[in-house]
Structure formats: C-alpha cells, structure tokens
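> Have a look at this prediction, sequence included:
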Amino acid sequence: MSIEKMAKKANELREEGHTTREIGQEMHLSKATIEWLLAKQASSDFNEKLPPDVKVGWRSIGVSGSRINSIAEIMADIILEEQEKREFDFDMIAGITNNGVPLATIISDLLGADFGIIRPSREGTKTNYASNYASLKNKNVVIIDDVISTGSTAKEAINFIREREGTPVMIIVLINKKADNELENVPLRALIRARPVRN
C-alpha cells in the first residue's frame, strides 16, 4: 500500500470517529506513523520525515478460519517450547481485542487452558476485561496479540493482569516490530520479527 493510500485510509478511519490509537491498531502502524499520515493528509505542503515503521497486513491469513487455526497451532507449539525452556506454568490464554482473540480462542482449546479477553484502553476509557470469560485472579496468563509496534498495548495488558492478581508469563504475537525479547520482564516471542533498517 502506498503512503498516499495509507494516509487516505487513516483519514477515512478518523472521519468515522476512530482515535489515533484505534487507527494504529487497525492499520498495524505505530501512533507516530498514524499522526504523520494524518498530518500529511491534512496539509498538501506537509513534508516532515516519515517515522521509521513497517506496515503489516495479514489479511491472507485472517480471511480463513483454517489458516488462523494453522497459525494458532504454531503459536501453541512455541508456547510449549518456551514453557519447557523457561519452566513456567500457565492456566490461561488471554487475547487482546480485536485481532488476538481468534488466535487465543483456538490456542486455549489446543492447550486446554482457560480463555479470556482483554480490551485495551481507548481515548477516555481504561483497559477492561470481558467478564463472561475466566477470571485473571491467581492465573498464570499467556497474552496473545497479532502485532507489537511500540509495545504500549501489551504493556497495558501486562499491568492490567498484575493489578487483577494474575501473573503474565509470556506474550506471543504474529509479528514483533521491536528489538525487544521481553516487555515489563515478561518474555516476548513472535512468529516474525520485522524492523526498519536505518543508516
């Protein structure tokens, strides 16, 4: 997708009432990149340098339940590998809305663990938890999401779990755009790591 098309899409989402953070989550771009795209779209003579970022699209996976299932199987295998290597137990798989939920649902079934949904904050709201699912209290929790850009959403989920007397033991995502192998002292694994290379 070209810069112009990304700027147009970001602007369309803003006009629909989405916050900068929500647009970033929808487009799998950092908040800084979304702010840049929105400023570029708003001004024909805007020429500030684009922040380093990697545009991620995984629609070819997301359109198929069997493909999502296959990716979830790989993620479950990595969780078991990390569990053996790091010697932790887990009772629960928690998906971060929206894109972590389908994967977490399948992984919780594959691994025989409780399932939960964490909703990250939006402008004017706090992180919350879907109460129809398993409680976080006294649980060792594996967090599932699709993409880590800045890590702010995952850090929010980690702190939220700790506040609810749970213990985050691992984060696993499809794509990690950071160099980090952990966040807030919680191991971070990804199927793919994607980072911009700078001079």
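Yep, it's here.

> can you list the residues that contact stretch 74-82?
88, 90, 103, 106-107, 110-111, 142, 144, 170, 172, 187, 189, 191 (C-beta atoms under 8 Å, 6 or more residues apart in numbering). In short, each C-beta sits where N, CA and C put it, glycine included.

> mind redoing it with 6 Å?
107, 110-111, 142, 170, 172, 189 (C-beta atoms under 6 Å, 6 or more residues apart in numbering).

> cool, stretch 134-142 as well?
So stretch 134-142 is contacted by 79, 89-94, 114, 116, 161, 164-170 (C-beta under 6 Å, 6+ apart).

> That stretch: end-to-end distance?
Taking C-alpha to C-alpha, to the nearest Å, stretch 134-142 runs 13 Å from one end to the other.

> List the buried residues of it.
For stretch 134-142, the neighbour count (16 or more other C-beta atoms under 10 Å) marks 134, 136, 139-142 as buried.

> I'd like to know how far D146 sits from I68.
10 Å (C-beta to C-beta, to the nearest Å).

> Oops, could you answer that again for L110 instead?
12 Å.

> And for A104?
Where I68 is concerned, A104 sits at a distance of 11 Å (C-beta to C-beta).

> Comparing the two, which shows the higher neighbour count?
Legend: neighbour count by other C-beta atoms under 10 Å for A104 and I68, higher for A104 (29 against 17).

> quick one: buried residues of the longest helix seen in the chain?
The single longest helix within the chain, with elements called by DSSP state H, is helix 65-86. For helix 65-86, a neighbour-count test (16+ other C-beta under 10 Å) marks 68, 71-72, 75-76, 79, 82-83 as buried.

> How about the secondary structure of V173?
strand (DSSP: H, G, I helix; E, B strand; the rest coil).

> That one against I148, yeah?
Yes - at 5.1 Å, V173 counts as touching I148 under the criterion of C-beta atoms under 6 Å.

> check contacts around the residue lying closest to G95 once chain neighbours are set aside.
Computed as C-beta to C-beta, 6 or more residues apart in numbering, the closest residue to G95 that is not its neighbour in sequence is A104, at 2.9 Å. Neighbouring residues of A104 by C-beta under 6 Å, 6+ apart: 93, 95, 144.

> secondary structure element for A104?
Assigned by DSSP states H and E, A104 belongs to helix 100-111.

> Next, the angle helix 65-86 makes with that helix.
On the basis of axes from the mean of the first three to the mean of the last three C-alpha atoms, to 10 degrees, helix 100-111 is oriented at 60 degrees to helix 65-86.

> Which of the contacts of stretch 134-142 fall within helices?
79, 161.

> So for stretch 27-43, what gets flagged as buried?
Buried, per 16+ other C-beta under 10 Å, within stretch 27-43: 27-38, 40-41.

> and which of those is nearest to E123?
For the buried residues of stretch 27-43, the residue nearest E123 by C-beta to C-beta is K31; the value is 11.2 Å.
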